[in-house]
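Participant: Return a 3D structure for these sequence lines:
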Amino acid sequence: MKRPEGFDSATDSTDPQKRRSERRQSRSVSPTEPRRPVTRSLPRSLPTAPTSPARPSIARALTTQKASQRAKPVGATSTPVPTRQDVRRAGRERRRYERREVRRFTTRTRNRRWALTGAGLLLVGLVGLVVVAVFSPILALRHIDVVGTARVDAGRVQSSLSQHLGTPLALLNEQQMTRELGAFPLIRSLSTQLVPPDTMIVHITEREPVGSVRVSAGYDLVDPAGVTLEQSAERIPGVPLIDLRVGDRSAPPFQAIVDVLLSMPADLRARVDSASALTPNSVILGLDGVGQSVTWGSAERSSQKSALLAALISVTDPAQIGRFDVSAPENGIFHAG
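Facilitator: Okay, the predicted model is just below:
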């Protein structure tokens, strides 16, 4: 008897064991039924494992490359094979690159080396110039020029220095020349100027005479220090006669007279005919002309006394015999007669 539809499902749904058996029967395949192939979708591109690059030697690489070329069919493309010229060219390029890098990283060292070399060459050149200047006969003394002389004979000065001719300019001794020219009393000081290659100029400063002093042999022309510049049997014109009544040229009265004469203007000193002093505070001057004299006193405030004397002379009759008294600069007096 056939069961109504839906009865079995209702009754069987309550039997778990039966449901499991039915499930197994539905999964089983009949041995006569063909098995369906199982297909799975694969990715379009599969990752490949990285391989380590091979490092064959150059000879082995060339042999392998030639064998592969022989195995390839005609018309197939191939990679160009490096020749020995290419290898040598690459080596040369590599060496050039290394040299450029070495020069780039050693620029500072090379610059320092060139600087030291240049300094050394400069030092050697300076030493050579010094040696040439000192010992070379090219820079030896051959000409002596004397300038600044009025009373001194320049020819005698050149003769006194002639022993230095032939000496290199750098070895000339000015102190020795000064000692040698000490025999000329008129020379107060001197200086030398070297003019390469063979000339020396001697600049002489002469002593200025301040007056003449009477001596047993005549007259001595003296400078402010009392040094005799010239001797003469007769009175020397153009300078006042210094009368040393007490002491000598090293005594205070002589120095007082010299200080007074040096403090006077040149035009006023030219009118002084004589000067005398018993003490440093009693200087008396004699003017040329009719016999006018000046009571000067000490050498103090001599510039003011000179100005006062010049004013008195300008308002006094030059033919009037008398005596000017400027010992007190505030009040100058002319005593006639």
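
Participant: Could you look up the next helix or strand downstream of the host helix or strand of L122?
Facilitator: L122 belongs to helix 107-135 when assigned by DSSP states H and E. The first helix or strand that comes after helix 107-135 along the chain, using DSSP H and E, is strand 143-147.

Participant: D273 reaches I284, doesn't it?
Facilitator: No. With contact defined as CB atoms under 8 Å, D273 does not reach I284; the gap is 11.7 Å. For every residue, glycine as well, the C-beta is placed using N, CA and C.

Participant: residues in contact with stretch 178-188?
Facilitator: Residues outside stretch 178-188 that contact it (CB atoms under 8 Å, 6 or more residues apart in numbering) are 151-152, 156-157, 160-161, 190, 204-207, 223, 227-230.

Participant: Only whichever of these are buried, select them in PyMOL.
Facilitator: Only the buried entries of the contacts of stretch 178-188 go into this PyMOL selection, using 16 or more other CB atoms under 10 Å:
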select buried, resi 152+157+160+161+190+204+206+207+223+228+229
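
Participant: Among the contacts of stretch 178-188, name the ones in helices.
Facilitator: Judged by DSSP state H, helices contain the following of the contacts of stretch 178-188: 156-157, 160.

Participant: Could you check the pLDDT of A299?
Facilitator: A299 is assigned 92 on the pLDDT scale.

Participant: That should have said A71, apologies.
Facilitator: Looking at A71, its pLDDT is 49.

Participant: so which of the contacts of stretch 178-188 would you say is closest to V131?
Facilitator: Nearest to V131 among the contacts of stretch 178-188 is L161, at 25.8 Å by CB to CB.

Participant: Settle this for me: the closest one is touching E174, isn't it.
Facilitator: No. Using CB under 8 Å as the test, L161 is too far from E174 to be in contact (10.9 Å).

Participant: Buried residues, stretch 309-328. List them.
Facilitator: Using 16+ other CB under 10 Å as the test for burial, stretch 309-328 gives 309, 313, 322-327.

Participant: Now the terminal residues of that stretch, how far apart.
Facilitator: 11 Å (CA to CA, to the nearest Å).

Participant: now it, how far from the centre of its chain.
Facilitator: 62 Å (CA atoms, centre = their mean, to the nearest Å).

Participant: What of stretch 272-279?
Facilitator: 58 Å.

Participant: what mean pLDDT does that stretch have?
Facilitator: 93.

Participant: Could you list the buried residues of it?
Facilitator: Taking 16+ other CB under 10 Å as the criterion, stretch 272-279 shows 272-277 as buried.

Participant: partner residues bridging A277?
Facilitator: V283 (DSSP bridges).

Participant: surely it meets I284?
Facilitator: Yes. With contacts counted by CB under 8 Å, A277 reaches I284, the gap being 6.8 Å.

Participant: how near is E300 to V260?
Facilitator: The gap separating E300 from V260 is 10 Å, by CB to CB, to the nearest Å.

Participant: Of these two, which one has the most company?
Facilitator: More crowded of E300 and V260, by other CB atoms under 10 Å: V260, with 25 against 13.

Participant: And the helix or strand harbouring the more buried one, what does it pack against?
Facilitator: Using DSSP H and E, V260 sits in helix 252-263. Helices and strands touching helix 252-263, by 3 or more CB pairs under 8 Å, 6 or more residues apart in numbering; DSSP states H and E, are strand 211-215, strand 272-277, strand 283-287, helix 302-314.

Participant: Next, work out how far apart G332 and K305 are.
Facilitator: From G332 across to K305, the span is 8 Å (CB to CB).

Participant: now do F184
Facilitator: Counting by CB to CB, the gap from F184 to K305 is 35 Å.

Participant: And V294, by the same measure?
Facilitator: With CB to CB as the criterion, V294 and K305 are 9 Å apart.

Participant: re the thing from before, mean confidence score for the helix holding L122?
Facilitator: The predicted model gives helix 107-135 an average pLDDT of 83.
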